[in-house]
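Participant: Any chance you can model this:
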Amino acid sequence: MTGTDQGCRPGCGACCIAPSISSPIPGMPEGKPAGVRCAQLTDENLCRLFGDPKRPAVCERFDFDRELCGDHREQALTLIAALETASGT
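Facilitator: Numbers count the residues shown, from 1 in each chain. Coordinates of the predicted model:
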């Protein structure tokens with residue numbers, strides 16, 4: 001994947017940091033608050049649970065969207081955090 005409309009940017013990890021996740025995650029049984037790195041996010045910003053049945057359903061449904069993910073990682077972090085704030089969670 002290349003960071004174009006085809007899909008996620010390798011090593012971005014914004015969707016594993018910016019939003020809150022209320023469902024249990026291995027290593028985070030209470031989920032995670034917004035702005036906190038997921039325990040399953042590697043130092044290279046890759047998901048350890050990608051393709052694993054233990055991966056939360058909410059994470060499975062989170063797809064690349066240019067409007068949400070922007071043109072680079074920092075923009076994705078900002079846009080996802082803004083959506084989190086706007087949704088009131």
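Participant: count of residues packed around residue 12?
Facilitator: Residues lying near residue 12 (other C-beta atoms under 10 Å) number 20. (Glycine included, C-beta is placed from N, CA and C.)
Participant: meant to ask about residue 86, not that
Facilitator: 8.
Participant: How are the helices of the chain distributed by residue range?
Facilitator: Counting by DSSP state H, the chain has these helices, from start to end: 57-61, 66-69, 73-87.
Participant: Would you mind putting these into JSON lines with mean pLDDT and distance to residue 36 alongside?
Facilitator: Listed next are these as JSON lines, based on pLDDT from 0 to 100; distance: least, C-beta to C-beta, whole Å:
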{"stretch": "helix 57-61", "mean pLDDT": "88", "distance to residue 36": "14"}
{"stretch": "helix 66-69", "mean pLDDT": "90", "distance to residue 36": "19"}
{"stretch": "helix 73-87", "mean pLDDT": "91", "distance to residue 36": "12"}
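Participant: now the ones you listed as JSON lines including distance to residue 19?
Facilitator: Below are the helices of the chain laid out as JSON lines (distance: least, C-beta to C-beta, whole Å):
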{"stretch": "helix 57-61", "distance to residue 19": "8"}
{"stretch": "helix 66-69", "distance to residue 19": "10"}
{"stretch": "helix 73-87", "distance to residue 19": "5"}
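Participant: List just the one of these that sits closest to residue 18.
Facilitator: Checking the helices of the chain against residue 18 by C-beta to C-beta gives helix 73-87 as the closest, at 3.7 Å.
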